[in-house]
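Participant: from the sequence below, what's the structure:
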Amino acid sequence: MENESFMDSEIAGILNNNFIPVKVDREERPDIDSVYMSVCQALTGSGGWPLTILADGEKNPFFSATYLPKHSRYGITGLHELLIHVTEVWEKDKDKLLKVGEEIKDFLNKPQSAKLNSDMDLPDKTILEKACKEYERLFDSNYGGFGNALKFPSPHNLLFLLSYYEKENNIKALEMAEKTLCSMFKGGIFDHIGGGFSRYSTDEKWLAPHFEKMLYDNALLTLAYTEAFRITKNELYKITVERTLNYVSRELSNDRADDRGGFYCGQDADSDGEEGKFYTFEKNEILKVLGAENGDEFCKVYGITEKGNFEGKNIPNLIGSKIVNENPALEESRKKLYQYRLHRARLHKDDKILTSWNGLMITAFARSYIVFGDEMYLEKAKKAETFISEKLTNNNRLLVRYRDGDSAGTGTLEDYAFYICGLLELYNTCFDAVYLHKACMFAETMTKHFFDTDRGGFFLYADDAEQLIARPKETYDGAMPSGNSMAVYILDKLTRLTGDIKWQEILDKQLGFFSEEVKLYPTGYSFILYGLCNILYDRRDLICVLKKPPENNFYKLLNKTAVDNPDLCIIIKTPENSSFLETIAPFTKAYTIDENEGDMFYLCRGNTCDQPVKSFDKLKI
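Facilitator: Alright, predicted model coming up:
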């Protein structure tokens, strides 16, 4: 619509003479996008982008649609005709439009759920079983994923299935996750030349993607492939993580000399005005770059033909090939093609740094460090967290985005929930209580300004932020987990790490808020299901009381122990962090440091603890 209508002098004249045009960046103002998208869904039965809203001076909407052509065609109202008609109605019968706007506003502000009570029915394991069966019904056994084209990666579906396999030894859950993970890697949705994943596939085989790459997709997919490797030890998943994180480090890491750290939003699908031009090849190009022998081998492995598989060109893929690990010759060919395409076409980069998406990427890098031990992963996670702390916080409140030295926006629920998740995962890497303290501090802010104490659930934007025509609670897990789903996950972790009952009480209300929705449509809340896999099964806690700070090798030993025992929660108390830790996790006061006794290790199952031991090696984990 931008090129067709908004840059058109005729349409621009009508807009500027009769309306106040406002263009919203939905990444910078997810609150506005969410509120008015709910209007579109209520009025039209569906949503999507570009989103078109006509509203009165009080911001009450009276018309909504997605794409509108410049002129009416094929039964679709044209923007030109719509604007002329609305202008005439506004002049002759303005009250009619104002009334519609008020009715829509009233509809949006109906209570989303009943008040909670002490007898609220919390989710149980039957929901997980029901969800797994529903995924089986939707599963594409030929190519993986769920449903037909368009196919979105939805890695939180896979995280749930992998976790459910671990808890219940449900082989079908593992098979669905693995088939999908392998198929996505083999397909064109994965960039075999430069690494990283595109947003979604336009076909059932994962071959032809919408070529846009987004930070959040690559963060969540990294988590899914990392967990798959942790469970199966399949080297393919490790390779996928390495090449994805290398892509993020190379292409999406903020490299400005004065403020390094943080990750950019993503890269566009179009180059030189053509979608996919940057990523696709003609066969003769590849032969020219690689030479006849290496070129023929590359074309054979990656499905490159004279005819092509995408608009006369080729998307490199492994769909028809045996999955190839790191063959040195193919690795060298990929490097040459990567350098070649860098100079062949330009690719626009969205260089905003978003707090929420960076929280997910911090989580991905930190988790990958725990599983794979690559120090670069931990360094990247720490630098990004420092960037948020320095550039995207203001008096312990989060901002939305940073770009070119400018930080802006009032943090939404996703900013808090995703950043807290990253802080908690960083704590799990190095057990630095500063990260746990920050997580608690921002969780306090999130609860104070976003939580509905009467009905449960977190509002999308804060009580002291700009108030829109409605204050929704987003719950559905779409391309990303909702902030409310992530809140379940982090509240559970805070409860375990701090032992503070207040987090458990908020978690219970949050689960009560979700309970009925999850029962009715469990697959719409896959990140909730992932969190429930942790909440509904037996778990263990390990408190390490040490007479001096441990060596780095001990941290790595704990990381390995956590990888081998995903139900284990670990706390380290030392003379250096003792007082600070006790303010965050008051229960640790009971675990005293005795120089005469030396190190002590306490392993607890539920509310029962084993006899403490003086050596880590003697623990029966």
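
Participant: what residues of the strand or helix carrying residue 245 count as buried?
Facilitator: In this structure, residue 245 sits in helix 235-247 according to DSSP states H and E. Buried residues in helix 235-247, counted by 16 or more other Cβ atoms under 10 Å: 236-245, 247. Bear in mind the C-beta positions are built from the backbone N, C-alpha and C, glycine included.

Participant: got a list of contacts for that helix?
Facilitator: 181-182, 185, 190-191, 194-197, 218, 221-222, 225-226, 228-229, 323, 325-326, 364-365, 368, 372, 377, 380 (Cβ atoms under 8 Å, 6 or more residues apart in numbering).

Participant: mind checking what helix or strand follows that helix in sequence?
Facilitator: Downstream of helix 235-247, the first helix or strand assigned by DSSP H and E is strand 266-267.

Participant: so who does the closest residue to residue 202 other than its chain neighbours touch?
Facilitator: Spatial nearest neighbour of residue 202, excluding adjacent residues (Cβ to Cβ, 6 or more residues apart in numbering): residue 208 at 4.9 Å. Residue 208 is in contact with 188, 201-202, 309-310, 315, counting by Cβ under 8 Å, 6+ apart.

Participant: which regions of the chain lie under the pLDDT threshold?
Facilitator: For the chain, residues meeting the criterion pLDDT under 70 lie at 46, 111-120, 257-259, 324-326.

Participant: domain parsing for it?
Facilitator: The chain breaks down into these domains under automatic domain parsing: 2-108, 125-269+350-535, 279-344, 540-618.

Participant: just how off-centre is stretch 489-501 within its chain?
Facilitator: 21 Å (Cα atoms, centre = their mean, to the nearest Å).

Participant: can you list contacts of that stretch?
Facilitator: Identification of contacts with stretch 489-501 by Cβ under 8 Å, 6+ apart yields 417, 420-421, 424, 427, 436, 439-440, 443, 481, 503-504, 506-507, 510, 527, 530-531, 534-535, 539, 541, 569, 571, 584-588.

Participant: buried ones from those, can you make that a PyMOL selection?
Facilitator: Applying 16+ other Cβ under 10 Å to the contacts of stretch 489-501, the buried members can be selected in PyMOL as follows:
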select buried, resi 417+420+421+424+427+436+439+440+443+481+503+504+506+507+510+527+530+531+534+535+539+541+569+571+584+585+588
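
Participant: just the ones of the contacts of stretch 489-501 in helices?
Facilitator: Secondary structure defined by DSSP state H assigns 417, 420-421, 424, 427, 436, 439-440, 443, 503-504, 506-507, 510, 527, 530-531, 534-535, 584 of these to helices.

Participant: may I ask you to name the longest helix in this structure?
Facilitator: The chain, longest helix under DSSP H: helix 79-108.

Participant: thinking again about what came up before, name the member of the contacts of residue 208 with the most neighbours.
Facilitator: Greatest neighbour count in the contacts of residue 208, by other Cβ atoms under 10 Å, goes to residue 188: 30 neighbours.

Participant: next, that residue: phi, psi?
Facilitator: Torsion angles at residue 188 (phi, psi; degrees, to the nearest 10) stand at phi -80, psi -10.

Participant: contacting residues for the residue nearest to it when sequence neighbours are not counted?
Facilitator: Among residues not flanking residue 188 along the chain, residue 315 sits closest, at 3.7 Å (Cβ to Cβ, 6+ apart). For residue 315, the contact set (Cβ under 8 Å, 6+ apart) comprises 188, 207-209, 276, 279-280, 309.

Participant: can you lay out those residues as a markdown table showing secondary structure?
Facilitator: Output for those, formatted as a markdown table (DSSP: H, G, I helix; E, B strand; the rest coil):
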| residue | secondary structure |
| --- | --- |
| 188 | coil |
| 207 | coil |
| 208 | coil |
| 209 | strand |
| 276 | coil |
| 279 | coil |
| 280 | coil |
| 309 | coil |
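
Participant: include distance to residue 7 when you put those residues into a markdown table, please.
Facilitator: Converted to a markdown table, the contacts of residue 315 look like this (distance: Cβ to Cβ, whole Å):
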| residue | distance to residue 7 |
| --- | --- |
| 188 | 32 |
| 207 | 33 |
| 208 | 29 |
| 209 | 27 |
| 276 | 23 |
| 279 | 27 |
| 280 | 28 |
| 309 | 34 |
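
Participant: of those residues, closest to residue 106?
Facilitator: Among the contacts of residue 315, residue 209 lies closest to residue 106 (Cβ to Cβ), at 41.6 Å.

Participant: what sits closest to the closest one if chain neighbours are left out?
Facilitator: That would be residue 198: by Cβ to Cβ, 6+ apart, it lies 3.6 Å from residue 209.

Participant: is it true that the one you found touches residue 218?
Facilitator: No. Under the criterion of Cβ atoms under 8 Å, residue 198 is not in contact with residue 218, lying 9.6 Å apart.

Participant: pick the most buried one from the domains of the chain.
Facilitator: Neighbour counts (mean count of other Cβ atoms under 10 Å) averaged over each of the domains of the chain peak at domain 125-269+350-535, with a mean of 21.

Participant: surely residue 620 is in contact with residue 601?
Facilitator: No. Contact criterion Cβ under 8 Å: residue 620 and residue 601 do not qualify, at 10.6 Å.

Participant: contact partners for residue 542?
Facilitator: Here residue 542 is in contact with 561, 568-571, 601-604, 619, 621 (Cβ under 8 Å, 6+ apart).

Participant: go through these and name the one nearest residue 48.
Facilitator: residue 569 (41.3 Å).

Participant: is that closest one in a bridge, and if so with what?
Facilitator: Counting by DSSP bridges, residue 569 is bridged to residue 541.

Participant: show me what contacts it?
Facilitator: For residue 569, the contacting residues are 493, 496-497, 539-542, by Cβ under 8 Å, 6+ apart.

Participant: do that again at 7 Å, thanks
Facilitator: 496-497, 539, 541 (Cβ atoms under 7 Å, 6 or more residues apart in numbering).

Participant: likewise residue 409?
Facilitator: Per Cβ under 7 Å, 6+ apart, neighbours of residue 409: 28, 399-401.

Participant: without its sequence neighbours, what residue ends up closest to residue 583?
Facilitator: With Cβ to Cβ, 6+ apart as the criterion, residue 583 has its nearest non-adjacent residue at 7.9 Å, and that residue is residue 437.

Participant: how close does the one you found get to residue 345?
Facilitator: 47 Å (Cβ to Cβ, to the nearest Å).

Participant: check residue 170 too.
Facilitator: Residue 170 sits 45 Å away from residue 345, taking Cβ to Cβ as the criterion.

Participant: tell me who's in contact with residue 606.
Facilitator: Neighbour list for residue 606: residue 538 [criterion: Cβ under 7 Å, 6+ apart].

Participant: any idea how far residue 360 is from residue 287?
Facilitator: To residue 287, residue 360 is 40 Å away according to Cβ to Cβ.

Participant: correction: residue 321
Facilitator: Between residue 321 and residue 287 the distance is 18 Å, computed by Cβ to Cβ.

Participant: the stretch 351-500 of the chain: strands as residue ranges?
Facilitator: Taking DSSP state E, counting those that start in this stretch as the test, the strands found in the stretch 351-500 of the chain are 353-354, 393-394, 397-403, 406-410.

Participant: can you redo the ones you listed as JSON lines with distance to residue 523?
Facilitator: Supplementary listing: the strands of the stretch 351-500 of the chain in JSON lines, determined by distance: least, Cβ to Cβ, whole Å:
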{"stretch": "strand 353-354", "distance to residue 523": "27"}
{"stretch": "strand 393-394", "distance to residue 523": "36"}
{"stretch": "strand 397-403", "distance to residue 523": "30"}
{"stretch": "strand 406-410", "distance to residue 523": "32"}
